[in-house]
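J.: missing the sequence, but the structure's below:
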Ligand SMILES: Cc1cc2nc3c(=O)[nH]c(=O)nc-3n(C[C@H](O)[C@H](O)[C@H](O)COP(=O)(O)OP(=O)(O)OC[C@H]3O[C@@H](n4cnc5c(N)ncnc54)[C@H](O)[C@@H]3O)c2cc1C
């Protein structure tokens, strides 16, 4: 393990994919890390996600968010290898490629434009005019639950102390800034830095919104419902996407169909209307799935921000950093977020992190 001259102590709040990736990346830089998870690692949004690594399939324009997503896809593939080597956890990658179907004429024009600018930038993408669909060659998927488990195992294997079942109840502060956290069991943990990775709950952790100069609802939940179907393996060879719906195949024949985008607070119910919408989208994209058995349904809360972009970086209060607000892209961006937080904590100013600078939303 490479160690830096300035080893610091860091408390990571939240043990979803983002918190575990941050903990694992900080250990590589030699920092002493304690991760505090209120329940179980990877049990919230990180458990619910479909696992699409799709920086190309959704963006209408080029820009810093695309750069971050492309770096995220590359980092995820490297981390999947690192997790296998360092922990033995094998994470299933989906067949490469994302098939995106146009839903109407406007959608077809937008999709064709997307393929055009991406090819001009040197990215691999094909426009199939007859079928009115695009194929993004390098977008892919990952088995989310295995990846969340692998990230937690990596953080532990690299020497992070991982506490579960201990919600953080507040921040310890002194005149110089944030100096640690208080825990629900009455303990205090002192540290040079606190990185808040509490997903949709990030600005509900007492003291965080104030110390970060953010409005209380700067990070808020957006519910997504999923229906899992089971069919013969290979029925859907690659992920199919369109009209904000998708069908993501796993190797064993499961098909993850999603999803809704609902602002209903911290309510994780699966609803009749949500299931109907998800299945209608799935059947439109791949009519054959209408015959398949429903295996499971679930819902998760995506961490959203006021401008739809993540919060990655230092806040106005020394010692307090944020890594949250990844909305629909937390799986894609977990590994790169870990790498960027490591760089930021060591005083570097990575260009890729600028799009996530919390200062843009600070009051
Ligand atoms: C239906 C659905 C589909 C999705 N599909 C994709 C996809 O295909 N691709 C993609 O890239 N992204 C996808 N996402 C988004 C992705 O799941 C999230 O962006 C990502 O999981 C966020 O990770 P996180 O670690 O920030 O949050 P979470 O996984 O929610 O973790 C936050 C953790 O913080 C803990 N916590 C909260 N409060 C406290 C406290 N006070 N003290 C200690 N711990 C606390 C919670 O218990 C939780 O474990 C999807 C999300 C949903 C819901």
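T.: Yes, it's here. Since the structure is predicted, the reported quantities are computational estimates derived from the model, not experimental observations. Numbers count the residues shown, from 1 in each chain.
J.: Now the nearest residue to residue 301 once chain neighbours are set aside: which helix or strand?
T.: Nearest residue to residue 301 in three dimensions, chain neighbours excluded: residue 221, at 3.8 Å (C-beta to C-beta, 6 or more residues apart in numbering). (Glycine included, C-beta is placed from N, CA and C.) Using DSSP states H and E, residue 221 sits in strand 219-230.
J.: which residues touch the residue nearest to residue 301?
T.: Neighbouring residues of residue 221 by C-beta atoms under 8 Å, 6 or more residues apart in numbering: 200, 263-266, 301-304.
J.: ok, which stretches of the stretch 251-363 of the chain are strands?
T.: Applying DSSP state E, counting those that start in this stretch to the stretch 251-363 of the chain gives strands spanning 254-258, 293-305, 311-314, 320-324.
J.: sorry, back to before: in the contacts of residue 221, which two residues are the furthest apart from each other?
T.: 264 and 303 (14.6 Å; C-beta to C-beta).
J.: The two: who's more crowded?
T.: Set residue 264 next to residue 303 and count neighbours by other C-beta atoms under 10 Å: residue 303 wins out with 27 against 15.
J.: ok, now which ones touch residue 153?
T.: By C-beta under 8 Å, 6+ apart, the contact set of residue 153 is 83, 87, 89.
J.: if I look at the last one, how far off is the ligand?
T.: I take that to be residue 89. Distance, residue 89 to the ligand, using C-beta to the nearest ligand atom, to the nearest Å: 17 Å.
J.: next one: residue 251
T.: Using C-beta to the nearest ligand atom, residue 251 is found at 17 Å from the ligand.
J.: next one: residue 275
T.: Residue 275 is 13 Å from the ligand, where distance means C-beta to the nearest ligand atom.
J.: Report how many residues lie close to that residue.
T.: The number of residues packed near residue 275 is 18, by other C-beta under 10 Å.
J.: Can you report phi and psi for the one residue in the stretch 51-200 of the chain that gets nearest to the ligand?
T.: In the stretch 51-200 of the chain, the residue that lies nearest the ligand is residue 199 (2.6 Å; C-beta to the nearest ligand atom). When read as degrees, to the nearest 10, the backbone of residue 199 gives phi 50, psi -140.
J.: Give the burial count for it, as a bare number.
T.: Neighbour count of residue 199, defined by other C-beta under 10 Å: 25.
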